[in-house]
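Asker: Return atomic coordinates for the entry below.
(chains A and B)
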Amino acid sequence: EPEVTQTPSHQVTQMGQEVILRCVPISNHLYFYWYRQILGQKVEFLVSFYNNEISEKSEIFDDQFSVERPDGSNFTLKIRSTKLEDSAMYFCASSAGQGIGHTQYFGPGTRLTVL
Amino acid sequence: AQSVTQLDSHVSVSEGTPVLLRCNYSSSYSPSLFWYVQHPNKGLQLLLKYTSAATLVKGINGFEAEFKKSETSFHLTKPSAHMSDAAEYFCVVSVANSGYALNFGKGTSLLVTP
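Answerer: Numbering: from 1, shown residues only, chains lettered A, B, ... in the order given. As a prediction, this is how the structure comes out:
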């Protein structure tokens, strides 16, 4: 069964450094998403991406964040200058379509620790 | 705004007894509702979804949920708990006016005791 994969599983970085989190969505999916879960808090939507453009983003997704689909398979989240409060589990998801009836399939997550 | 509230942060049941995880929703539109499960160190797995078809939705691993519009509820149930059901469960609503981004509840941690 196809699944979403994410690398790395764990990332430790120093405050102020740039990090890139990588995701490989399910191959025939067209919509891509990033969510995050700060320890002890609920899962929060960051951004959705379709047709090489951001389609929706939350208030969390400020200028320090960016997303890219650099090739036909990868979908990346870049945090330009990490802060302590960026420490969280980051989940990538993909779906074949958007709207009622379409399911978002999640990857296993990348745990980001900012020191 | 579309949101969900999970009424219990922790639920403990004995193996073989019924499971009930409660979720209420708030939505201006006809909602799409989901239950996802997260086992330790694993990703989020879809258990089941409601998309305005049958109000009783059957999912994987014997779980089911009933959409009750009059009560704005979407509770998750299972007749008989198994040890492997111990996990974190999330009730989720799809936000139609935000590109169908998912809005998660805070989660319910299910503990299954022998």
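
Asker: can you count the residues close to the residue of chain B at minimum distance from chain A?
Answerer: Chain A sits closest to residue B:99 of chain B, with a gap of 3.4 Å, by C-beta to the nearest C-beta. Yep, even glycine has a C-beta here, placed from its N, CA and C like the rest. By other C-beta atoms under 10 Å in any protein chain shown, the residues close to residue B:99 number 20.

Asker: Go ahead and confirm it touches residue A:102.
Answerer: No. The pair residue B:99 / residue A:102 is not scored as a contact, 11.5 Å apart, by C-beta atoms under 8 Å.

Asker: Which helix or which strand is home to the residue nearest the centre of chain A?
Answerer: Chain A has residue A:34 as the residue nearest its centroid, 3.0 Å off, counting by C-alpha atoms, centre = their mean. Element membership for residue A:34 (DSSP states H and E) is strand A:31-37.

Asker: List the strands paired with that strand, with their directions.
Answerer: Sheet pairing here is set by DSSP bridges, and for strand A:31-37 it gives strand A:43-50 (antiparallel), strand A:88-95 (antiparallel).

Asker: what does chain A have sitting close to chain B?
Answerer: Counting by C-beta under 8 Å from any C-beta of the partner chain, the residues of chain A close to chain B are A:4, A:33, A:35, A:41-45, A:48, A:55-56, A:58, A:91, A:93, A:98-109.
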